[in-house]
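# below is the sequence, then the predicted model.
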Amino acid sequence: MRALGRLIARAAAVFKKEPRTPSHLHIEPKRVLNSRYEILEQIGSGQHSTVWLAEESTSLQHTSEGRHQEDRLSPDGSSRGRLLHLYDHFLARGDHGDHLCLVSAALGPSVLDIRSRTRNGALSAPLVQHITRQLLQGLEILHEKCKTVHTDIKFDNILFASYAEGPDVNTYCAVDSVLIDFGTAIPEGTDHNRLIQPEALRPPEVLLGCTWDVKVDIWNVGCIIFELLTGQRLFKPRAGPSWSSEQYHMARIYSTLLDDNDRRRLLEFFRHGAKFATFFDGDNLRVKATERESIQVILGHYGICTPELRACSDPQLDSETRLGVAVLSPVTVSNIIISGFVILCSTSPSLVVLAVDVEQSD
């Protein structure tokens, strides 16, 4: 995990402070990277990446398999496997320069894939608890040991380690989950004020342009837990005739999760935000919700406010933990941005090669 943190920092260090349009590594099937990984086919693509299936050279499989088995049986417990594990890295020459390639495990379906197999996108409470527990274990390592904020925790970035047998999605309660995609991860010592995360998953400190820290990932987790249990988003930002989607979002956060004491206590923190005036007129929100419901009442609407779930959720609903008030002590940060990934996957043994589009700084 320390290697992963160092690699994220290394990738960040080679980018200029202004984002650039990524130039992906051009790859064709049968190409061999690093004299070791033969490309088989492309299996996906995204804004910052293309995904390929690859195969490791037969002569190197035995050594590689032994090393991977040692990694899986690490004596420091099972939490290490909750993050995409780095097995190898190298540089590959492309038309636009060198591409940093990272090798990690090939995995099974994403939580997004599993949700698509249910009637309304909701999963059973035991499966949600299983995913949540392992996701938090992974974040503990990412935050405490790698000193990195993921910033993009969503359903297609949480994968299961393998495919489960049978059509019942609850069989995935027996399969480990893994947090992937560190393309927008932010190490310590970088910009902790800029806009991050999918819109509906942003916490107040991000919306207001305040300095944020690892707690924004925890807010992300809370939002997706609600969606996994109900099949509905907790917050649904939308613009109106006289308000922006961000103002509506903040109004719903205030009406759902904050009492009067919370508002007064957090107001001074929010005043430091670059966008404070967008949301507040003095001490009052510019856009206010006309109704107010607690999170317990909202859970009751969906029929999931069971004693078991309340026992798990109520201790987590303290606003000081939830809203990241500890961010009140801002840190000095620089302005480094990571962008542009090409991802390569292999099957024999199960590996993934992640190639970062690298542009050297002037």
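Now that the structure is in, tell me what you want to look at.

# poorly predicted segments of the stretch 151-300 of the chain, please.
Segments of the stretch 151-300 of the chain classed as low confidence (criterion: pLDDT under 70) are 294-295.

# list the buried residues for the longest helix seen in the chain?
Identified as the longest helix of the chain according to DSSP state H is helix 125-144. Residues 127-132, 134-135, 137-139, 141-143 are the ones in helix 125-144 that count as buried (16 or more other C-beta atoms under 10 Å). In this view, the C-beta of every residue, glycine as well, is placed from N, C-alpha and C.

# domain-wise, how is this protein divided?
Following automatic domain parsing, one finds the domains of the chain at 1-191+334-362, 193-332.

# mind telling me what element Gly209 is part of?
Per DSSP states H and E: Gly209 is located in neither a helix nor a strand.

# tell me the buried residues in stretch 251-269?
Buried residues in stretch 251-269, counting neighbours by 16+ other C-beta under 10 Å, are found at 251-258, 262, 266, 269.

# thinking again about what came up before, packing partners of the longest helix of the chain?
In this structure, helix 125-144 packs against strand 148-149, strand 177-179, helix 215-230, helix 307-313, with contacts taken as 3 or more C-beta pairs under 8 Å, 6 or more residues apart in numbering; DSSP states H and E.

# can you put the buried residues of stretch 251-269 in a markdown table and add distance to Val221?
Listed next are these as a markdown table, based on distance: C-beta to C-beta, whole Å:
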| residue | distance to Val221 |
| --- | --- |
| Ala251 | 23 |
| Arg252 | 19 |
| Ile253 | 16 |
| Tyr254 | 21 |
| Ser255 | 22 |
| Thr256 | 17 |
| Leu257 | 15 |
| Leu258 | 19 |
| Asp262 | 20 |
| Leu266 | 20 |
| Phe269 | 21 |
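
# at which residues are the strands of the chain located?
Under the criterion DSSP state E, strands of the chain are mapped to 32-33, 37-45, 50-56, 86-94, 97-104, 148-149, 158-160, 177-179, 186-187, 280-281, 284-285, 341-347, 350-357.

# in a markdown table: those, plus distance to Val111 and mean neighbour count.
What follows is those, written out as a markdown table (distance: least, C-beta to C-beta, whole Å; neighbours: other C-beta atoms under 10 Å):
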| stretch | distance to Val111 | mean neighbour count |
| --- | --- | --- |
| strand 32-33 | 30 | 18 |
| strand 37-45 | 16 | 16 |
| strand 50-56 | 17 | 21 |
| strand 86-94 | 22 | 17 |
| strand 97-104 | 18 | 21 |
| strand 148-149 | 20 | 26 |
| strand 158-160 | 4 | 24 |
| strand 177-179 | 7 | 24 |
| strand 186-187 | 23 | 23 |
| strand 280-281 | 36 | 13 |
| strand 284-285 | 33 | 12 |
| strand 341-347 | 18 | 24 |
| strand 350-357 | 18 | 25 |
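
# ranking these by mean pLDDT, which is last?
By mean pLDDT, the lowest-scoring of the strands of the chain turns out to be strand 341-347, with a mean of 36.

# what ranges does the stretch 201-350 of the chain have for its helices?
For the stretch 201-350 of the chain, the helices identified by DSSP state H, counting those that start in this stretch occupy 204-207, 215-230, 245-257, 260-270, 276-279, 295-301, 307-313, 319-322, in order along the chain.

# residues contacting the residue nearest to Arg36 when sequence neighbours are not counted?
If the residues on either side of it in the chain are set aside, Arg36 comes closest to Ser57, at 5.3 Å by C-beta to C-beta, 6 or more residues apart in numbering. With contact set as C-beta atoms under 8 Å, 6 or more residues apart in numbering, Ser57 has these partners: 32, 35-38.

# show me the two of the residues you listed that sit farthest apart.
Based on C-beta to C-beta, the longest span within these runs between Ser35 and Glu38 and measures 10.1 Å.

# burial measure for Ala277, as a count.
12 (other C-beta atoms under 10 Å).

# ok, now which ones touch the nearest residue to Leu208 once chain neighbours are set aside?
In space, Leu208 comes closest to Gly273 once its chain neighbours are excluded; the distance is 3.2 Å by C-beta to C-beta, 6+ apart. With contact taken as C-beta under 8 Å, 6+ apart, Gly273 is in contact with 205, 208-210.

# just the residues you listed now: which is nearest Thr290?
The nearest one, if we look at the contacts of Gly273 relative to Thr290 and count by C-beta to C-beta, is Leu208, at 21.9 Å.

# and that closest one, how close does it get to Trp52?
Distance of Leu208 to Trp52, given as C-beta to C-beta, to the nearest Å: 40 Å.

# and the residue nearest to Leu208, how far is that from Trp212?
10 Å.

# what do those two both touch?
Shared contacts of Gly273 and Trp212, defined by C-beta under 8 Å, 6+ apart, comprise Glu205.

# ok, back up a step: quick one: the residue nearest to Arg36 from His26, how far?
When distance is defined by C-beta to C-beta, Ser57 is 22 Å away from His26.

# repeat that for Arg36.
With C-beta to C-beta as the criterion, Arg36 and His26 are 19 Å apart.

# again with Trp52
In this view, Trp52 and His26 are 11 Å apart by C-beta to C-beta.
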